[in-house]
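how would this look folded up:
(one chain, ligands or ions: 1)
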Amino acid sequence: MSRIAFDGAAVEVGSETGRGAGRTLLHPLTLELTERRIAVIGANGSGKSTLLKLVDALQEPTAGSVTVDGVDTRHDPATIRSRVGFVFTDPSAQLIMPTLREDVTLSLRRSVPRRERAARAAEVLDRFGLTALADQSVFDLSAGERQLGALAVVLAVGPAVLVLDEPSTLLDLRNTLLLRRTLAALDQQVLMSTHDLDLAAACDRVLVLEDGRVIADDDGPAAVAFYRRRCDEGLRPGPPGSTGGGS
Ligand SMILES: Nc1ncnc2c1ncn2[C@@H]1O[C@H](COP(=O)(O)OP(=O)(O)OP(=O)(O)O)[C@@H](O)[C@H]1O
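Predicted structure coming up:
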């Protein structure tokens, strides 16, 4: 497995305007991720996507550093992106060709000789049950089909690390199960953010984020149980007269 290291990495935005303090999206974080399946969970806006983007050099840390197998994301983003594949929540950010077959073939242009690309693309599409949809306009595919297509495009080039931002958001139950099986069978290290707690519980390690801080770091079942308790406590009405207790 790869070694993803955060060394005091933090993200603050807005301070560059010089008008007072900026907003901290991610507080300084120091940890190493070497497990095979890692999930990041937490409320909307807690900083999950920000953390993931640091790993693929899509976001620069404003303090500290992030390295993947010793390569600093700020110094060598090209090498980072050849090792780390990023699957966005919104597949339209990923799919740029008219059909999935063309998109997968295009993604193979640097790693596979031209004469082998068609066969490799067919193999990848088949693995995701996308063969029947491969030549249809991507605009005619359902959102879930596009999301699986985006995953196929990224996996086609065999990145060492796969980063997925909420991969099951648009998927129905059948495709969620297909995604789970596919992720379980991958050789790659997988780092994902998700609101699907079953998916998270099946991971080797889960980080729970709250307001840009890691508040729990445990195995899947323990971290998910912690997060459920935390959400439950947050929803419980406070004693009469306390903030949020109502009038
Ligand atoms: N460039 C930016 N400038 C200012 N604020 C930002 C910027 N990027 C993200 N944010 C804010 O930072 C917070 C964390 O965003 P992030 O996308 O990491 O959250 P998230 O945990 O992935 O949320 P969700 O579950 O809704 O996808 C959000 O409140 C977001 O509005």
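
Residues in contact with the helix or strand of the chain with the lowest mean pLDDT: which ones?
Of all helical and strand segments in the chain, the minimum by mean pLDDT, DSSP states H and E falls on helix 173-185, at a mean of 82. Under the criterion C-beta atoms under 8 Å, 6 or more residues apart in numbering, residues 37, 127-129, 144, 147-148, 151, 167-168, 171, 190, 192, 196, 199, 202 lie in contact with helix 173-185. For every residue, glycine as well, the C-beta is placed using N, CA and C.

So which of those residues belong to helices?
In helices, judged by DSSP state H, the following of those are found: 127, 144, 147-148, 151, 199.

Show the low-confidence segments of the protein, by residue range.
15-21, 235-247 (pLDDT under 70).

Could you pull out the buried residues of the least confident helix or strand of the chain?
Neighbour-count burial for helix 173-185, counted by 16 or more other C-beta atoms under 10 Å, picks out 175-176, 178-180, 182-183.

just stretch 125-132 next, same as before
125, 128, 130.

Can you tell me which of those residues is closest to V71?
Nearest to V71 among the buried residues of stretch 125-132: F128, at 29.1 Å, using C-beta to C-beta.

Got the phi and psi for the closest one?
phi -100, psi 10 (degrees, to the nearest 10).

gap between it and the ligand?
Plainly put, F128 is 24 Å away from the ligand if you go by C-beta to the nearest ligand atom, to the nearest Å.

again with R115
For R115 relative to the ligand (C-beta to the nearest ligand atom), the value is 41 Å.

Any residue of the lengthiest helix in the chain touching the ligand?
Determined from DSSP H, the single longest helix within the chain is helix 220-235. No. Residues of helix 220-235 are not located near the ligand by C-beta under 6 Å from any ligand atom, the shortest gap being 12.7 Å.

For that helix, name the packing helices and strands.
Applying 3 or more C-beta pairs under 8 Å, 6 or more residues apart in numbering; DSSP states H and E, one finds that helix 220-235 contacts strand 37-42, helix 197-201, strand 205-210, strand 213-218.

for these, which one sits closest to G85?
Of the helices and strands packed on helix 220-235, nearest to G85 by C-beta to C-beta is strand 37-42, at 14.8 Å.

So which bits of the chain are right by the ligand?
So far as C-beta under 6 Å from any ligand atom goes, the chain lies against the ligand at 13, 25, 42, 44-50, 193.

Sort out which of these are in strands and list them.
Within the residues of the chain next to the ligand, residues falling in strands by DSSP state E are 13, 25, 42, 193.

Next, the contact list for I41, please.
Counting by C-beta under 8 Å, 6+ apart, the residues that I41 touches are 48, 193-195, 197, 200, 206-209, 223-224, 227.

can you tell me which of those residues lies nearest to the ligand?
K48 (3.5 Å; C-beta to the nearest ligand atom).

is it true that that closest one touches L209?
Yes. Contact criterion C-beta atoms under 8 Å: K48 and L209 qualify, at 5.7 Å.

Put the buried members of the contacts of helix 173-185 into a ChimeraX selection.
Provided next is the ChimeraX selection string for whichever of those are buried by 16+ other C-beta under 10 Å:
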select :37,128,144,147,148,151,167,168,171,190,192,196,199,202
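
Now, of the residues of the chain next to the ligand, which are buried?
Applying 16+ other C-beta under 10 Å to the residues of the chain next to the ligand, the neighbour count classes 25, 42, 46-50, 193 as buried.

Can you show me the CA trace of stretch 225-232 as PDB?
Written as PDB, here are the backbone C-alpha positions of stretch 225-232 (Å, rounded to 0.1, in the frame of the first residue of the first chain):
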ATOM      1  CA  ALA A 225     -20.700   3.900  16.100                       C
ATOM      2  CA  PHE A 226     -18.900   7.000  17.500                       C
ATOM      3  CA  TYR A 227     -20.300   9.200  14.600                       C
ATOM      4  CA  ARG A 228     -23.900   7.800  15.100                       C
ATOM      5  CA  ARG A 229     -23.700   8.700  18.900                       C
ATOM      6  CA  ARG A 230     -22.300  12.100  18.100                       C
ATOM      7  CA  CYS A 231     -25.100  12.900  15.600                       C
ATOM      8  CA  ASP A 232     -27.700  11.500  18.100                       C
END
